[in-house]
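>>> Just to be clear, the model below is a prediction. Sequence and coordinates:
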Amino acid sequence: MKRRDFINKAGIGAISVGTALSIPGTAKAASKFKWKMVTAWPKNFPGLGTNANLLAKMINEMSGGRIKVKVYGAGELVPAFEVFDAVSGGTAEMGHSGAYYWKGKSEASQFFSAVPFGLTAQEMNAWLYYGGGWDLWKKLYKPFGIIPAATGNSGVQMAGWFNREINTLDDLKGLKMRIPGLGGEVLRRVGGTTVNMPGGELFTSLQSGALDATEWVGPYNDLAFGFYKVAKYYYYPGWHEPGSTIEALINEKAFNELPKDLQQIVLAACKAANIDMVSEYTARNNQALNTLVNKHKVKVLPLPDEVLKKLKQISDEVVKEMADKDPLHQEIYQSVSQFRSQVMKWSNISEQAFLRAREL
Ligand code: CA
């Protein structure tokens, strides 16, 4: 009893000494914050899981250890598709995922990951940071107590791996393809059958014939899965995911408890991770494409214009129908579609004109 008394008193004493020594106003700044980051990817998954690691590392180091973020792979703390709820409910202070996974919460979440025939990575960042997109995203997640931030972008993805040639729209009829989200709905409307399954099951499903085709990401991630061994044709462009944004989810209450400098560190780290991912994908896709073509003799083919035109027409219908369901959906849709029609004029005479000129 006496010993415990002594420890208690010593403990109280230690606290009061600490308080006495601290300069008023700096107590919050000196606090240590231990955060959990739950992710929708396997731990260390190339490009996506490694971006979560990088984001955590930057926050830890930029804050001088005042925030310690620990990363959890999918299934370690919560399953991949429960990341949003975990951050909303405070089980984790941060999440790392793709907004289109949360279409069950709000279909409009898809505007903040990828829309078929939507924005490229550069245009998406332009809309988010300078076109009002980020504010709308915050508005959408506000009722869930979550602050979103872009933390990565895959760049233009590939249309996918096919076990048959696609020459006309008829070739899409009856095609069994793994293609999630709005792109999947578009494929269904041209007569395809869509299946959603985790990445780990795609290889065997293509091999057994359970699938005729699958999209995944691009050469870097697709090479790692070995799809070239089980599907002959690799089609482009990724009309359904022209620049998929990866998101950081931040629990609003936890964010508000941070002093201003740490809040800025968290947001700045997200921006830095965002540019890091698109740079990494550009570099590694280019290396992997070279391996696929020259080493594995993969046939890389463009989807015919006739097919792309039809897919675009249906995509625009699908997105508009989704927007008509709810006033906030409509507000986001108006913002992003106005931005797209304007930025297309600029992109046409800048990126597109230059890329064409470089080929001459
Ligand atoms: Ca994809």
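Noted; the coordinates are in hand.
>>> so how far is G90 from the residue of the stretch 251-360 of the chain found nearest the ion?
As assessed by C-beta to the ion, the ion sits closest to Y281 within the stretch 251-360 of the chain, at 12.0 Å. C-beta: built from backbone N, CA, C; applies to glycine. If you measure Y281 against G90 using C-beta to C-beta, to the nearest Å, the figure is 32 Å.
>>> Among those two, which residue is more densely surrounded?
More crowded of Y281 and G90, by other C-beta atoms under 10 Å: Y281, with 26 against 13.
>>> That one: which element?
Secondary structure from DSSP states H and E places Y281 in helix 260-294.
>>> pLDDT averaged over the helix or strand following that helix - what is it?
Counting by DSSP H and E, the next helix or strand C-terminal to helix 260-294 is strand 299-302. The predicted model gives strand 299-302 an average pLDDT of 98.
>>> Could you do stretch 262-271 as well?
For stretch 262-271, mean pLDDT is 98.
>>> same question, stretch 93-100
Throughout stretch 93-100, pLDDT has a mean value of 96.
>>> how about that stretch, does it get close to the ion?
No - counting by C-beta under 5 Å from the ion, the ion has no neighbours in stretch 93-100; the shortest distance is 9.0 Å.
>>> Endpoints of that stretch, how far apart?
One end of stretch 93-100 sits 20 Å from the other (C-alpha to C-alpha, to the nearest Å).
>>> chain center to it: distance?
Here the centre of stretch 93-100 is set off from its chain's centre by 8 Å, with C-alpha atoms, centre = their mean, to the nearest Å.
>>> same question, stretch 304-312
26 Å.
>>> Against which helices or strands is the helix holding Y281 packed?
Packing contacts for helix 260-294, counted by 3 or more C-beta pairs under 8 Å, 6 or more residues apart in numbering; DSSP states H and E, involve helix 49-62, strand 67-72, strand 146-153, helix 219-225, strand 245-251, strand 299-302.
>>> Leaving out chain neighbours, which residue sits closest to the residue of the stretch 251-360 of the chain closest to the ion?
G155 (4.9 Å; C-beta to C-beta, 6 or more residues apart in numbering).
>>> In contact with the one you found, which residues are there?
120-121, 218, 243, 278, 281-282, 285 (C-beta atoms under 8 Å, 6 or more residues apart in numbering).
>>> Name the member of those residues with the most neighbours.
Each of the contacts of G155 was scored by neighbours using other C-beta under 10 Å; the highest score is Y281's, at 26 neighbours.
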